[in-house]
Every structure is written in C-alpha cells, then in structure tokens.
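Visitor: Okay, sequence plus prediction incoming.
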Amino acid sequence: WDDKEATVVCRQLGYETDGATAVVDSYFEASNLQLVAGNFACLGNEEQLTSCTYSSASCGHHNEAGVRCPESCDIAGSLRLVGGDDAYDGRVESCQNGVWSSICQDSWSLEDATVVCRQLGYSILSVHAYGLAYFGEGVGNIAASDITCDGSENYLYECTNSTDHTCDHSSDVGVDCTSPLGTCQGAGFTDCCITGCNIGGCYCDSACHNFGDCCYDDIDVTCPQGGGIQCTENDVRISGGSNTNQGLVEICVGGSWTSVCDEDWDINDAKVVCTQSGFSSNGAIAIAGAYFGQDGGPIVNGGYGCTGSETSLSDCTFDSNSQCSKHQSAGVICPEYCDGEGSVRLVGDELSGHVEVCSNGAWSAFCDTNWCEQNAKVVCGQLGYSTNRAEAYGASYFGQEVASIQFDNVTCTGLETNITECSSSTNVSPSCGAQRLAGVTCFEKSPCEDAGFTGCCQFSCNQGGCYCDQACHGFGDCCANVDNICPLSSTCVNGNVRLIDGADNFEGRVEVCVNNKWGTVCDQSWDIEDATATCRQLGLPTDNVVVYGSGYFGQGDNPVVASNYQCSSGDELADCSFDDNFCCGHHRDAGVRCSPGCEVGDIILTKGADDYE
C-alpha cells in the first residue's frame, strides 16, 4: 500500500490527487469491518480502486490501510497555519500548484518565521519557529526546503528556497505569532509597545518584562515607572480555569502579570502555588503544555525548582536559561478545602456526576478501576438516595476534568454506609487521569424504602402496598420484611435477542432475555464472533457485521444482564456462554450492525480528522 493506491482512492472520492499520501498500520484506528482485500498494485492512473490488481486479505486489523487526500487552494504563495491552538500558531502551509503543501525544516529560522507572521498580518513581537512537525504532520506535497529570509521580507516567496529535498512530513515547520498587530506596531513601532499608558498615544511600558530595553527613539513618550503597574511584585494568580482553584499560573514581575513556563514544572511547584493562593496543597496537580490556554501575560523564560514547603513561588529557585513559548504555559489544579471527613459529593448535577470524597481536608476523586454498581449504591445511599438502584460509570462519562485522584481500585460490597468503609488503594495507577474519573447516577428513594423496607422493593404491583419484584435482577433474596410478593411476570422468552435504537432494523443496541426479563449486554469481550452470532439468530446478513461498544446506540433502560459472551463460528447468540456476575454499566452497552449497506467497489474514509482522511 503506497502513494499510488492513495492517488486512486483520492481520485475516486473526487479529491485532489497531487500529493495524495498513503498511511498504514491502522493509523486511523482499527475498525471492526471484515478485511476483504490486500496487496493492491495500482499504476496510479486508475479511476477506481477495484480497477487495480489485488488479492484477498491475509493480514489483521492492525494492518488496515488509510489515505490522506490534499486540500485544494486558489492563490499561489498564500499561507495558512494549521493544527495550532488558535489562529496565530500552527503548521505552516503554502499554496503551491493548487494544493496546500507543507514546508521542510531544513534551515528554518526565526527570520523565516517572522516573515510568515508578517505575511499573515500577525504580530512579530515574540515570534517562535518550530520544526519536527511540532503541530502535527501535514498532508500531500512538501513545497520547499532551505528557505532563507533576512527577516525584512513581506512575503515568504520573496525568500530564497529549494524544491530539491528528501524531507518527509516529520520535518514540517510551524510558527507561533502570539497575537495580531497592535495599534502601535501597526503604526510602525517595534518591540514592547502599548497604546496609551494613562492617556492616548504610543508608549513603551517601562514595566514590560522579558523584552529587554523596549524604548526606542521613535516612541513618543516613555511611560512613567508605575504607570502600567497591574499587580504587587511576586503575587501569583490562577486564571482561565472553570473554577478559581484551577487554571494558568501567572506571577507578578515588574508590576505586570507574566505567564510561568512549564520547564521542570512539577507537583512541588504546584503545591507552592496552591498554598500561596489560599488552597489546600494536598493533592495539588501540576499541568503543563498550556492546558488552560495561552491567554496569560508574556511568558517568563526559565523554570522554577520548588521543594513544596515554600509559601511563595518567588522563594523557589529559578533557572533563567530556558527559552519558552506560550505553548509551555504552566497551570495548576488546587484541591478545594472541605469539611466533614469522608463526606461525598457529585460534580455534575444533583443526581449524577463524578464522585469526590472529603479526604484530609480536601476534595479528592476516584479512578474508575473496578468501579461497579456496588460502589455506586454506597455513594448514593450516603447521599440519601436509593440503595436499590444506582448506576456506576467510568471513563469520565460525565465529562473529562483534571481532578485530584487519590483513590483507586475501590471495592464495596454494597452494604457499607460510607465510601471510606470500602477497600481501596491510595497507590493510584499512572494511567488514572482526566479520562478515567469514576461517577454515578442516583435515584430517589421509592415509597417502600421511605417506609423502612430493604432490598428490591417497589411500591405496588397491581395495587397499593409494598411488594418485592420477584423478577428483579442482581439483588439476590430481596423479599425480607415485605408485605407481599409480586407474581412473576414473563415479558420475554429466555435466550431471545433484539436490536434497539438503531437507524433501521439491521442495527442497534443488543438486548437479550435473561430470567424472563430484557436486559443489555456489556461490551466486555464483545467481538465479531458474538456480533455475528447475534445477526445469525435474528436472521439478518452476516457477511459484513460491524461490532459496537461503549453505548454507541445509547444506554438502555433495562439492567445489564450479560457479559463476556464466548461465541464460536456457526453459533447463534443463545448458544453462547456468558457471565452474569460482572462489573459493568450502561456506558458499555454492546451493539451490532448486520449490514453496512454498500455496493461492491464503493469506498468510504472513516475515523479521520476531516473528510480528506
């Protein structure tokens, strides 16, 4: 699989072909579709991929092929920035021969980057040049290499360059132009100019940090010292986060707020910032890479080295030898103080959210390792909600948020009255982060629970009074101290299967009948054999079965009743073994597609960042 095959695919899809790029080894994530062909040998001039010679597939899903098709452009020599955090930074691409093309890093310099920023109409106050595909690898052609500017040019095409190179996209260049032109710079002034100090006109702020002597002779007036003072020296502030306890770290230098570089930024530095800001330092988190954006003041070159015991960031050692850009803005998340050791709260809404517990005076979150329904019951019961029904969620189901995760592998029996009574580990896995917060959904208590009954009680079966639903799943003997027992209601035939909430009759969430009640299937070990067995039992096509998990077709209302199906070739789902004792929530409901509905020779691109890949 090479660029000739990619050229044919792009042509068949109606995209530009000059610079079409082949990618291999499931670059765009492996699919669950059947592998039908391999060993393509195209000349590159074919109109359809099926016009090339090929053979049947003899490889696995880790070898799936992909393409990147070039985007077209109109104005030769025009530039754009791609893949950055905002309009002012990114991979540099130039319009060449009607398509956007990357530039190779050979001889790429600050002077070249300055010309790019000037051509785009952006500020050249604090320009940064990048190589090694810092903003990601481009698509298609590489327009030029060995670009040499003196920094005074208005357009990049005015600089000398070479089109004879051996570069690939791992050498794509980028720039950071920081911000649009200000009023003073637009009038021809340079360096650290501001418009107005206390009155209108172009001035140089004598409190400006990190730009050296910025008061050239062509500036009208120099601001008096203190005219631009914004803050008290060495104060810190946290800004740009969703709450006051998290965000970018800024420190006051020379009367102005400046961003802190993430060079050597670690938990000890974060602890000091949190302490200085009036938050708890227990569980402080250091955040690098401008996670909270780049909207702070000019960045200070250099890194802090705190021990964690200091009360002010300015008390820490400081190494000024590092060069930094706004992409390296440091941030913190400081734990919030709390009262009531062992109390819990939901971060979301009243009944749902990720779970936090008050530990050592600060709110701490849980990692989702082995986070099960029993854990959710304890949390919900502690909050005063029903202990009969509670749903457990992992994988930051209620939204990713960098939080202080202090507990992992929490295991409850479901009978505890406080989450701290459950076993847990404070040795949190390094993989536990913003994407692995544990959460719950709670439900209001039923009238039976309010009356003091326990177990799987429901209010009325066919009439008033407290009853136990004999068909209730997963609670064992639930009929203790209950007035009566509801008659068993058979709503389905054991072993039956159905598809729910799909776009048509060929797809949907899989629900099976277990103990005469419909329930969903956990996607644990759910694979192509299990999905094919489902389609076979339903009498639907099995040639092109697609496997789905993670609640792709929405979350079911019925209990999760089965997991770890083990099907073999030729089975129907009812023939397969499965587990009914497991830890799983509706966010992992399994699904299938029994016919993707395509014509022979059709091509689609999936899992790319846009329509071109």
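Guide: Arrived safely.

Visitor: so residue 339, which of the three states?
Guide: Using DSSP: H, G, I helix; E, B strand; the rest coil, the structure places residue 339 in coil.

Visitor: tally of neighbours for it?
Guide: Residue 339 has 7 neighbouring residues, counting by other CB atoms under 10 Å. No exception for glycine: its C-beta is placed from N, CA and C like everyone else's.

Visitor: Now do the contacts for it.
Guide: Going by CB atoms under 8 Å, 6 or more residues apart in numbering, residue 339 touches residue 358.

Visitor: Same check on residue 601?
Guide: Applying CB under 8 Å, 6+ apart to residue 601 gives the contacts 48, 49, 50.

Visitor: Assumed it was part of a strand.
Guide: No: using three-state DSSP, the assignment for residue 601 is coil, not a strand.

Visitor: So it versus residue 47, what's the distance?
Guide: 11 Å (CB to CB, to the nearest Å).

Visitor: next one: residue 272
Guide: 65 Å.

Visitor: out of those two, which sits in the more crowded spot?
Guide: Legend: neighbour count by other CB under 10 Å for residue 272 and residue 47, higher for residue 272 (26 against 9).

Visitor: Enumerate every residue touching the more buried one.
Guide: Contacts for residue 272 (CB under 8 Å, 6+ apart) come out as 281, 306, 308, 310, 311, 312, 313, 315, 316.

Visitor: now those in JSON lines, with neighbour count?
Guide: Formatted as JSON lines, the contacts of residue 272 follow (neighbours: other CB atoms under 10 Å):
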{"residue": "281", "neighbour count": "20"}
{"residue": "306", "neighbour count": "22"}
{"residue": "308", "neighbour count": "15"}
{"residue": "310", "neighbour count": "19"}
{"residue": "311", "neighbour count": "9"}
{"residue": "312", "neighbour count": "15"}
{"residue": "313", "neighbour count": "21"}
{"residue": "315", "neighbour count": "15"}
{"residue": "316", "neighbour count": "18"}
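
Visitor: Quick one, grab the pLDDT at residue 275.
Guide: Looking at residue 275, its pLDDT reads 92.

Visitor: Shouldn't it be within a strand?
Guide: No: according to three-state DSSP, the state of residue 275 is helix, so it is not within a strand.

Visitor: you'd agree it is up against residue 269?
Guide: No: the criterion here is CB atoms under 8 Å, and residue 275 misses it with residue 269 at 11.0 Å.

Visitor: Just give me the neighbour total for residue 428.
Guide: Neighbours of residue 428 (other CB under 10 Å): 21.

Visitor: I meant to write residue 45 there.
Guide: If you count neighbours by other CB under 10 Å, residue 45 ends up with 11.

Visitor: Ok, residue 262 next?
Guide: The burial count for residue 262: 25, using other CB under 10 Å.

Visitor: same check, this time on residue 336
Guide: Residue 336 has 19 neighbouring residues, counting by other CB under 10 Å.

Visitor: Now do the strands in the stretch 401-550 of the chain.
Guide: 405-411, 423-425, 439-442, 457-459, 466-468, 484-485, 497-501, 507-514, 517-521, 546-548 (DSSP state E, counting those that start in this stretch).

Visitor: Dump the ones you listed into TSV; add distance to residue 170 as well.
Guide: TSV is the format used below for the strands of the stretch 401-550 of the chain (distance: least, CB to CB, whole Å):
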stretch	distance to residue 170
strand 405-411	34
strand 423-425	40
strand 439-442	39
strand 457-459	62
strand 466-468	65
strand 484-485	69
strand 497-501	43
strand 507-514	39
strand 517-521	43
strand 546-548	33
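
Visitor: among these, which is the most enclosed?
Guide: Most buried of the strands of the stretch 401-550 of the chain, by mean neighbour count (mean count of other CB atoms under 10 Å): strand 439-442, with a mean of 26.
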